[in-house]
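Participant: Need a 3D model of the following:
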Amino acid sequence: MVDEGERAVLDPTERHCRRKLRRRAFLAAAGGVAAGGLTIGTAAVMSGGTGKGREPGGSPPEGEATAAAEEAGTGPIADPLRRAAHLLRRAGFGGTPGEIAEFASLTPEEAADRLVDFEGTDNAALEQRITRANFNLTRLRGGDGRPGMASDMRAWWLTRMAYTSRPLEERMTLIWHGLLTSELGKLGIPRTKFMLIQNELFRRMALPRYDDLLKAISRDPAMMVYLDTIQSSAAHPNENYARELMELFSMGVGNYTEQDVREAARAFTGWRLTAPPRVQLPEGASEAERRAAQDAAAEAYEPEFVIQPRLQDRGMKTFLGKTGPFGGDEIIDIIMSHDAPSRFIPVRLFREFAHANPGPETVTWLAEVWNGSGHDIREVVRAILKSAEFNSEAAYRAKIKSPVEFVVGAVRGLELETDFRATLRFWGPMGQTLFQPPNVAGWPGGPAWLASATFFARLNFLDAFLFPRGRPLRVEALLAREDAAGMVDEALRRLVDGVMSDGARAALVAHAESIRDPVERAATVAYLVLASPEYQLA
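Facilitator: Prediction:
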């Protein structure tokens, strides 16, 4: 600890470094970070039920983590506040104490209905916030003091997640982004707008009939470029979209043949986008003028789906045992009449919301909901959120938070104000850059979120976010409690449902008591709870 005399001679940078080292040293002593790697205590936390007497341990594979959770009991989450917090984490990105209390006053069925039937919920406050932030969603390379479009699109979407009154709408938008994947790196800067168009499609069709979403994404400009539909012709069918449509988007491996892929690819030939406007350049235009004209044309371009008959294969095709002159929509109709999607898409959604290992009875029940509702995603999600399995101790804290959940959950839980622009450099190191998933399968998730490098990236984010330029951020939600113990308990209540072992809490209180300045104490308490094993779990 730095005494007052030493404090007077240290420059701000050195004080900042010492404080940062003290925070990291506390985590190491507590077992959160060990020399040579990460030892997050997720196994002990997951296996500890309500968290009494938990001690840090090692991070298990997600399947083992779920098994550990199941050993803790499959009974319902008895505490209404914990149950509501669990629901808001999984169907959104966490809640404020007020939101959690409001949902705790409802039955599980009422709470699920309120989230699922969100269309009547007023979201005007979010739209006003978006307007004030003046995000650049039109100019490719920015200007007027604003960053480029791709960067501001990410900040814009994070702002929507953090401040929406319709959390399930944004959660489903993120789920579709990770399942029906496209990525900006392949599209290139001139087509940045395509990713925004796709994002708005996912939001507009957050809870659709899945057949309709598949037909819409098949015509989506970003998807058509990403999986090469716009290059597919009768003479040279491209199989990329046909393959992923079945393997990743609807059926899963083992439910179709390579011949089915080839026949489906023929059905999507001739699918194109309207041409972009031609760039008119005066003779002798400079390179800067050329680029500005090209950017202006790309920004003005509004791509529309068209079919070019001369490039289309309109011949007979045999696909999944049916024969006819099928086009792309008919291929999707045949896929959706097959049994495989009923055991693929609902299970994928169950894993997103509940846990990684649904049993055979759950898979069968989900298929019945899927078929009985006509493949209505709204009803499948509603059924999952109302289910005893979702609202059980087996599902509670049984998933590892993604970077988006980690950051947006902190902002929501602590009711912080940000436009997220200052956070953008940390998303790549943390492992989840929006609009840039690693491949067509999306982000792997699970234990990959907490490799040593990605966890230390989370700590680096917390250092910068809670101590910008070395100065502690005012965390007003914690500053309302003046004493160290009260501050710790408020952080635990907001961020981890009050769940932490007595020993870990006592260590946090003792460390907080060693910090005299209340603003620094509050930021440090927030940092340490956000870096805890408990907070890494959704």
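
Participant: Give me the nearest residue to L385, chain neighbours excluded.
Facilitator: Closest residue to L385 apart from its sequence neighbours, by C-beta to C-beta, 6 or more residues apart in numbering: A112 at 3.8 Å. (Glycine included, C-beta is placed from N, CA and C.)

Participant: List the buried residues for the helix or strand containing the one you found?
Facilitator: Element membership of A112 [criterion: DSSP states H and E] is helix 108-116. Residues of helix 108-116 classed as buried by neighbour count (16 or more other C-beta atoms under 10 Å): P108, A111, A112, R114, L115, V116.

Participant: Please apply the same query to stretch 202-209.
Facilitator: Buried, per 16+ other C-beta under 10 Å, within stretch 202-209: F202, R203, M205, A206, L207, P208, R209.

Participant: and the helix or strand where A222 lies, what's its mean pLDDT?
Facilitator: Assigned by DSSP H and E, A222 belongs to helix 221-226. Average pLDDT, helix 221-226: 98.

Participant: Output the contacting helices and strands for that helix.
Facilitator: Using 3 or more C-beta pairs under 8 Å, 6 or more residues apart in numbering; DSSP states H and E, the elements in contact with helix 221-226 are helix 184-187, helix 192-204, strand 271-273.

Participant: I'd like the mean pLDDT over stretch 397-413, please.
Facilitator: If you average the pLDDT over stretch 397-413, you get 97.

Participant: What helices and strands are in contact with the helix or strand encompassing E520?
Facilitator: Taking DSSP H and E as the definition, E520 sits inside helix 518-530. Helices and strands touching helix 518-530, by 3+ C-beta pairs under 8 Å, 6+ apart, are helix 12-30, helix 403-414, helix 452-466, helix 476-479, helix 484-496, helix 502-513.

Participant: hang on, the earlier thing: now for the buried residues of stretch 202-209, which pair is the farthest apart?
Facilitator: Put simply, by C-beta to C-beta the two of the buried residues of stretch 202-209 set farthest apart are R203 and R209, 16.3 Å from each other.

Participant: now the protein, which segments are flagged as low pLDDT?
Facilitator: Applying pLDDT under 70 to the chain picks out residues 1-16, 31-74.

Participant: again, only this time at 90
Facilitator: Residue ranges of the chain with pLDDT under 90: 1-74, 141-147, 277-285, 287-292, 482.

Participant: Can you list the residue ranges for strands in it?
Facilitator: 33-34, 37-38, 271-273, 305-307, 317-319, 322-324 (DSSP state E).

Participant: mind giving me a markdown table with the ones you listed and columns for mean neighbour count and distance to G445?
Facilitator: Listed next are these as a markdown table, based on neighbours: other C-beta atoms under 10 Å; distance: least, C-beta to C-beta, whole Å:
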| stretch | mean neighbour count | distance to G445 |
| --- | --- | --- |
| strand 33-34 | 18 | 22 |
| strand 37-38 | 16 | 17 |
| strand 271-273 | 21 | 31 |
| strand 305-307 | 14 | 31 |
| strand 317-319 | 19 | 32 |
| strand 322-324 | 12 | 35 |
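
Participant: Ok, which of those comes nearest L495?
Facilitator: strand 33-34 (18.2 Å).

Participant: which residues are in contact with the helix holding E520?
Facilitator: 19, 23, 26-27, 406, 410, 414, 462-463, 466-467, 472-475, 478-479, 482, 484, 487-488, 491-492, 495-496, 508, 511-512, 515, 535 (C-beta atoms under 8 Å, 6 or more residues apart in numbering).

Participant: measure W370 to R343 for me?
Facilitator: From W370 across to R343, the span is 8 Å (C-beta to C-beta, to the nearest Å).

Participant: okay, those two: which has more neighbours?
Facilitator: More neighbours surround W370 than the other of W370 and R343, with 24 against 16 (other C-beta atoms under 10 Å).

Participant: For that one, list the residues it contacts.
Facilitator: For W370, the contacting residues are P341, S342, I345, P346, V380, by C-beta under 8 Å, 6+ apart.

Participant: Tell me the one of these nearest A104?
Facilitator: Checking these against A104 by C-beta to C-beta gives V380 as the nearest, at 24.8 Å.

Participant: count of neighbours near that closest one?
Facilitator: Count around V380 with other C-beta under 10 Å applied: 24.

Participant: Same check on Q280?
Facilitator: Q280 has 8 neighbours, counted by other C-beta under 10 Å.

Participant: Check V407 too.
Facilitator: V407 - counted by other C-beta under 10 Å - has 27 other residues nearby.

Participant: Can you give me the distance of it to L424?
Facilitator: As for V407, its distance to L424 is 11 Å (criterion: C-beta to C-beta).

Participant: re the thing from before, put the alpha carbons of the helix holding A222 into CSV.
Facilitator: Output in CSV follows, covering the C-alpha atoms of helix 221-226 (Å, rounded to 0.1, in the frame of the first residue of the first chain):
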residue,chain,number,x,y,z
PRO,A,221,-27.3,-9.3,-50.0
ALA,A,222,-24.6,-10.0,-47.4
MET,A,223,-25.4,-13.8,-47.5
MET,A,224,-25.5,-13.9,-51.3
VAL,A,225,-22.0,-12.4,-51.4
TYR,A,226,-20.6,-14.3,-48.4
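
Participant: neighbouring contacts of it?
Facilitator: 180-183, 186-187, 191, 194-195, 197-198, 217-218, 229-230, 241, 271, 273, 303, 305, 440.

Participant: Buried residues of that helix, list them for me.
Facilitator: Buried residues in helix 221-226 (16+ other C-beta under 10 Å): P221, A222, M223, M224, V225, Y226.

Participant: Would you point out the most distant pair within those residues?
Facilitator: For the buried residues of helix 221-226, the farthest-apart pair by C-beta to C-beta is P221 and Y226; their separation is 9.4 Å.

Participant: Alpha carbons of the helix holding A112, in PDB - could you do that?
Facilitator: Extracted C-alpha coordinates of helix 108-116, given in PDB (Å, rounded to 0.1, in the frame of the first residue of the first chain):
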ATOM      1  CA  PRO A 108     -42.300 -17.800 -14.900                       C
ATOM      2  CA  GLU A 109     -45.000 -18.000 -17.500                       C
ATOM      3  CA  GLU A 110     -45.900 -14.300 -17.200                       C
ATOM      4  CA  ALA A 111     -42.300 -13.300 -17.300                       C
ATOM      5  CA  ALA A 112     -41.600 -15.300 -20.400                       C
ATOM      6  CA  ASP A 113     -44.700 -13.900 -22.200                       C
ATOM      7  CA  ARG A 114     -43.600 -10.300 -21.400                       C
ATOM      8  CA  LEU A 115     -40.200 -10.900 -23.000                       C
ATOM      9  CA  VAL A 116     -41.500 -12.900 -26.000                       C
END
